[in-house]
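*Asks:* Sequence and predicted structure, then a few things I'm wondering about:
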Amino acid sequence: MQRPQASFLLSAPDQPGLVARFAGFFFDLGVNIVDSSNHASKVESDAKRFYMRIVIDLEGLAKPRALAVLGESTSRRTLEQAFGKLATELGATWSVGYSDVQEKIALLVTKESSCLYDLVLRQKQGELPCEIALVVSNHPTLEPVAEGFRLPFYTLPVNAETKRAQETQLLALLKKHHVTLVVLARYMQVLSDTFLAEAPPVINIHHGFLPAFQGAKPYHQAFERGVKLIGATAHYATKDLDEGPILEQDVARVHHGMGPEELVRVGRDVERVVLARAVRAHLERRVIVEGRRTIVL
């Protein structure tokens, strides 16, 4: 079993010596850095920012060297307080997560099963470090799928008149199950601004044709236009529909010999992979949101 690790994400005004300062903090503690990546913005119009991800082996906290630096306690809280002091000194914002504290996610679905199957199987195989706490749908269609994996399933029908009440029920379920991430696995409902303001982070997947092919049957629209590439985009959901910070994208080549149903099949494959990559990046604490974009380290 892998020893517990801590993943630190930080953003700071770019300045000389940041890598040395943050890495030196853990060196002084005698704590081993097992993974690290960083990026400094290069666009002249940007406010110069520095981004970093540091993963440490927490075993080092049990050694005398860490105790000598941190004082009477080498708890995670004490570690965070000491790191926070350095971060404040350097003008950094930061967060930390622990590998032995798994996120609990909720999968929201409608009638399309492909993303639901894919995410559950990846989680069962250990590819997604999380617990799937529940599956919620506005239709009962996929209840047998959830039951097959022994996952709690809730049906919350919704229409224009009941939307507010339905989202209130949904928020209550998320709170009850201590959900920290919501994944829209082909959930065909637009979430309100009120819901998004109160909910945990929400990851959405959509076909890459937006905004060119909006509305019903986008793959049929694509076929009629003779597209040569189809794709998918995973992003954080915001009040601006399908315009949240992008986490992952991919495309597949298609040709004139493929009919609409074949395009749907290819698109479904791309959607599954893109959504899984996005969810994994979030769960592994690789994502820093900077305004309307993301830095994925």
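*Replies:* Perfect, thanks for sending it.

*Asks:* mind giving me the domain split of this protein?
*Replies:* 5-98, 103-296 (automatic domain parsing).

*Asks:* so His255 touches Lys228, yeah?
*Replies:* Yes - judged on Cβ atoms under 8 Å, His255 makes contact with Lys228 at a distance of 7.0 Å. For glycine as for every other residue, the C-beta is placed from the backbone atoms N, C-alpha and C.

*Asks:* which SS class is Glu262?
*Replies:* Remark: Glu262 carries the secondary structure label helix [criterion: DSSP: H, G, I helix; E, B strand; the rest coil].

*Asks:* give me every residue that touches it.
*Replies:* With contacts defined as Cβ atoms under 8 Å, 6 or more residues apart in numbering, the neighbours of Glu262 are Val254.

*Asks:* Need the pLDDT of it.
*Replies:* The model reports Glu262 with a pLDDT of 90.

*Asks:* That one and Arg280, how far apart?
*Replies:* For Glu262, the distance to Arg280 under the criterion Cβ to Cβ, to the nearest Å works out to 28 Å.

*Asks:* same thing with Gly30?
*Replies:* If you measure Gly30 against Arg280 using Cβ to Cβ, the figure is 31 Å.

*Asks:* Repeat that for Ala106.
*Replies:* In this structure, Ala106 and Arg280 are 17 Å apart, going by Cβ to Cβ.

*Asks:* Have a look at these two and say which one is more surrounded.
*Replies:* For Ala106 versus Arg280, neighbours defined as other Cβ atoms under 10 Å are more numerous around Ala106 (25 against 18).

*Asks:* Please name the bridge partners of that one.
*Replies:* Listed by DSSP bridges, the beta-bridge partners for Ala106 are Leu134, Val182.

*Asks:* my guess is it meets Glu131, correct?
*Replies:* No - Ala106 sits out of contact with Glu131 when judged by Cβ under 8 Å, with a separation of 10.5 Å.

*Asks:* Just name whatever secondary elements the helix or strand bottoming out on mean pLDDT in the chain is in contact with.
*Replies:* The helix or strand of the chain with the lowest confidence, counting by mean pLDDT, DSSP states H and E, is helix 218-225 at a mean of 80. Taking 3 or more Cβ pairs under 8 Å, 6 or more residues apart in numbering; DSSP states H and E as contact, the helices and strands that helix 218-225 lies on are helix 260-283.

*Asks:* Figure out how far the helix or strand just after the helix it packs on is from the centre of its chain.
*Replies:* The first helix or strand that comes after helix 260-283 along the chain, using DSSP states H and E, is strand 287-290. The chain centroid and the centroid of strand 287-290 are separated by 10 Å, computed with Cα atoms, centre = their mean, to the nearest Å.

*Asks:* For strand 287-290, buried residues please.
*Replies:* Neighbour counts over strand 287-290 (16 or more other Cβ atoms under 10 Å) mark Val287, Ile288 as buried.

*Asks:* Could you spell out the sheet neighbours of that strand, each with its direction?
*Replies:* Paired strands of strand 287-290, with direction, are strand 293-296 (antiparallel) (DSSP bridges).

*Asks:* Okay then, goodbye and thanks.
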